[in-house]
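Novice: Prediction below, plus the sequence it came from.
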Amino acid sequence: MLPISSSKNLEDDEDYSVEYSFAVEYSGPPVSYNIPQAVPVDIDRIPTASVVSMASISSNLSLPVIQPITKGDPLKKKLSKKFKLSSEDAVSPKSASHSIEFVGISCKSMNLSGRSGEIGLVDVDECMPKVLHGVDSSGTLGFSDSLDNSQELSGSSEVEDLKDDDKEGWDLGEEELSSALSSKIGEESIDGSPRANRASSVTFGGPESSDGVHEQTDHVDPEIFKEKSKRGILGKCPRVLRKLLTDSEAKQIMRFEISCELNQIPPWLVYVNGKPLSHEELDVLRTCQYPPKKLKPGKYWYDKVSGYWGKEGQKPCQIISAQLAVGDAIDLKASNGNTNIRINNREITKVELRMLQWARINCEGRPHFWVSEAGCYQEEGQKNVIIERIWDKTGIKLVCAFLSLPIPPESANPSGDEVVPKYSEQKTLNKLLLVGCNKSGTSTIFKQARMVYNVHFSDEERQSIKLRIQSSFAEINPVLQGVPVRSMKKNRYSIGPRLKAFSDWLQQVMMSGNLEVIFPAASRVYQPLVEEFWNDRALQATYNRRNELDTLPRLASYFLDRAVEISRTDYEPSDMDILYAEGIHSSNGLSCMEFSFSESTQDSFMDPADQIDLSQRYQLIRVHTSSLGENCKWLEMFEDINLVLYCVSLTDYDQFSEDANGFPVNKMLESKKLFERIVTHPTFHQKNFLLILNKFDLLEEQIKQVPLTQCEWFDDFNPVISHNPNSTSNNSNNTSLAHRAFYYIAVKFKTLFYSLTRRKLYVSLVTGLEPDSVDGAFRYAREILKWGEEKPIVTVHDWSSGSIEVSSSS
Ligand SMILES: Nc1nc2c(ncn2[C@@H]2O[C@H](COP(=O)(O)OP(=O)(O)OP(=O)(O)O)[C@@H](O)[C@H]2O)c(=O)[nH]1
Ligand SMILES: [Mg+2]
């Protein structure tokens, strides 16, 4: 039936979607199914509402207050059904006012206007934002405390009721509202179990959890879970409210929402060491110096002695203030550890054990430790032996950062040269481990990556780098001066007595180990001398023959060219200086940084399906082999690494180092041995490896002088023979020779890797000193990670067919 039009012609009426129906009572023969009952509509009882006053929240924001719907209205029943009120809720207890609260939202908001008895939809533009507050169980509409203005609504006795403690809040988002009103959906929107109502929060936001990710629900009280997921949207402004209000108004409302008493965490939903908290305990917890961050309802454990705090069954996530009178005594299995090692009567988790091992705390014999708030370890039964404060150990904070373990709150902003990256959720991080033999170039690649991905050096870091460069420069000078003097003709290479004295003094200072302390001041005093020293004919003559000096590191050339500038007090190291400087990360053999990729031109040519999410975070951990311990036993700390980058210097084939007994070992063979050890380490079982063949620029030079066969592993390298008759091999071209050598070495490692793991090794050709080259290698690493996600079991690649896939950016 079409609507009866009183004032308009049918043709003018736009809304043909409105349908009416009528029903008559069935009076036919009996049927086997239930016949729908028609409930007659009593026109007089259709609810009406009208704006009775304007409630002001602030000077420039007022919201219309709507007249309550009268008791026993059919609409009330309809609404309660839509909102799935349980029958007890719908039946009105005399004084309790259960309020459903929602903000007049959605582009079509509900207009319960005036007394004409019509309910219609109007455009938002035509009306003020409506706040429809609560149909309570007695059928009243009104404000709840969250707007904190119930006083202003005097005159309405129902409003007074809202001050009762026993209020019910509901999340009602725009979708629910509009759909409830347009009778499209209903059932799934709101759940109203009585206890949950007591605890549920009052929100202006939509019902969906902000990040769309819910925490693990098993073994979690459904009540806690519900409360937690609702809490996530507190203070988050729904889209529509943003459209309706100005920024500051919306912000103010959201602030009200957060501070509203009803929205505070119900203490009985926060369990600490198995016991729900009281109001007082929650207060203690919230107001202590270092409270738990973003506390939500849930089950937690708390170690009162040390302040460690975590979710039940999980490793610690924070260190809060110690000695708080909160919760019961801690349970041995609070964090679900299985290490047999206890800290303050809690069995610790595997990662915590790794942290202790890294800190070189002896964990043999299943010790039980007492750990103080300050981080002092004491073994039970050994009263006098107190191990130094764990937080004073070098590198420990870095270790915690990549193990995602908490550090003490007061040291969250550390000083000194330790860079502690911001803690990120483990699950979103892709972890890359960069490792290689001595001088393979790992720290150069690490520093280069820092520059490429804009992980800036702090002022403190720059300062310590500056001292390091200045002092290592000072180390070079005497070497340069001392060595040739003995072996070369005196008249040409010897220096004058004054400079000799200076050089001797430097050497003395170096031996005393005080160079870094003395040098900044010394550089000011001696800067003219350094300049003179440098310009000295003898030194220059020596410098010109620097290639003959084993003792002179290659990088010395770079710094010697800048000698005068570096020895100035106001010298600021450039990025290039930092890149070339050695020993910057050597204090603990461990460096760690987080980065993400910026968009590159390469990416824009990619198929959108292949493009990689730029918000992905990566963590690069560089570890020096000396920190891996005997037989690389500390590698087990890195079990959650996603990709191992193994770095090899291509020039190692003719270089030697000394083994433990003082015998020379070819460095390439040494690197091969370490590679085998790491690849076969149980921690890295089934992990992907990317081999970084580094220092290609140097290989190009070196291969002209020294054949690759110098290393016995490469004795069958024969670049003259070409299996492909079509290839125009040009062996006089050294670049191509270096490339051939690179391919050959890559295949050697691939063969080795395959024999050890039956898997494919990825290879990347790199020149660590070139940013694009390093960037290329990391982008390749990113692709490998992506393939790993798509097909977790990597198929074996047939490298023997002659095809070798490499990422080459040199
Ligand atoms: N020419 C050239 N030099 C490089 C390259 N990569 C590293 N180097 C130099 O090789 C030397 C050793 O590099 P590092 O990055 O310090 O090596 P490492 O792996 O950190 O080794 P440790 O110092 O033992 O920790 C440094 O002098 C670097 O400047 C490269 O690709 N080309
Ligand atoms: Mg280094």
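Specialist: Happy to help now that I have it. Ligands and ions are numbered 1, 2, ... in the order given.

Novice: pLDDT on stretch 246-266, on average?
Specialist: The average pLDDT within stretch 246-266 is 82.

Novice: Now that stretch: buried residues?
Specialist: By neighbour count on 16 or more other CB atoms under 10 Å, the buried set for stretch 246-266 is E249, A250, Q252, I253, M254, F256, E257, C260, L262, N263, I265, P266. Every residue, glycine included, has its C-beta placed from N, CA and C.

Novice: Return the backbone torsion pair for the fourth one.
Specialist: Read it as I253. Here is the backbone geometry of I253 (degrees, to the nearest 10): phi -60, psi -40.

Novice: Am I right that Q448 is in a helix?
Specialist: Yes: Q448 forms part of a helix when assessed by DSSP: H, G, I helix; E, B strand; the rest coil.

Novice: what's the burial count for it?
Specialist: Q448 is flanked by 26 other residues according to other CB atoms under 10 Å.

Novice: Assess the claim that it and V766 are in contact.
Specialist: No: Q448 sits out of contact with V766 when judged by CB atoms under 8 Å, with a separation of 9.3 Å.

Novice: picking that back up, keep only those of the buried residues of stretch 246-266 that are in helices.
Specialist: Judged by DSSP state H, helices contain the following of the buried residues of stretch 246-266: E249, A250, Q252, I253, M254, F256, E257.

Novice: circling back: format the buried residues of stretch 246-266 as JSON lines; extra columns: distance to E783.
Specialist: Below are the buried residues of stretch 246-266 laid out as JSON lines (distance: CB to CB, whole Å):
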{"residue": "E249", "distance to E783": "47"}
{"residue": "A250", "distance to E783": "42"}
{"residue": "Q252", "distance to E783": "48"}
{"residue": "I253", "distance to E783": "46"}
{"residue": "M254", "distance to E783": "42"}
{"residue": "F256", "distance to E783": "49"}
{"residue": "E257", "distance to E783": "44"}
{"residue": "C260", "distance to E783": "49"}
{"residue": "L262", "distance to E783": "50"}
{"residue": "N263", "distance to E783": "46"}
{"residue": "I265", "distance to E783": "44"}
{"residue": "P266", "distance to E783": "48"}
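
Novice: I'd like to know which of the residues you listed is nearest to L434.
Specialist: I265 (42.9 Å; CB to CB).

Novice: tell me the contacts of the closest one?
Specialist: Residues near I265 by CB atoms under 8 Å, 6 or more residues apart in numbering: E227, R231, L282, L295, K296, P297.

Novice: circling back: joint contacts of Q448 and V766?
Specialist: Joint contacts of Q448 and V766 (CB under 8 Å, 6+ apart) are V774.

Novice: re the thing from before, now for the buried residues of stretch 246-266, which pair is the farthest apart?
Specialist: By the measure CB to CB, E249 and P266 form the most distant pair in the buried residues of stretch 246-266, at 28.9 Å.

Novice: any chance you could map the strands in the stretch 651-800 of the chain?
Specialist: 656-658, 664-666, 688-694, 762-765 (DSSP state E, counting those that start in this stretch).

Novice: er, the stretch 201-350 of the chain I mean
Specialist: Using DSSP E, counting those that start in this stretch, strands in the stretch 201-350 of the chain cover 270-272, 275-276, 298-302, 308-311, 316-319, 342-343, 346-347.

Novice: Which stretch among the strands of the stretch 651-800 of the chain is buried most, on average?
Specialist: Mean neighbours per residue, mean count of other CB atoms under 10 Å, is largest over the strands of the stretch 651-800 of the chain for strand 762-765, with a mean of 26.

Novice: The closest residue to ligand 1 within the stretch 151-300 of the chain: how many residues sit nearby?
Specialist: The nearest approach of the stretch 151-300 of the chain to ligand 1 comes at K293, 36.0 Å away (CB to the nearest ligand atom). Neighbours of K293 under the rule other CB under 10 Å: 10.

Novice: for it, what are its contacts?
Specialist: Applying CB under 8 Å, 6+ apart, the residues near K293 are Q318.

Novice: List phi and psi for it.
Specialist: According to degrees, to the nearest 10, K293 has phi -80, psi 140.

Novice: Quick one: find the helix or strand in the chain with the lowest mean pLDDT.
Specialist: strand 131-133 (a mean of 29; mean pLDDT, DSSP states H and E).

Novice: Wasn't I35 part of a strand?
Specialist: No: per three-state DSSP, I35 lies outside any strand segment and is coil.

Novice: So it sits against Y26, correct?
Specialist: Yes: under the criterion of CB under 8 Å, I35 makes contact with Y26 at 5.1 Å.
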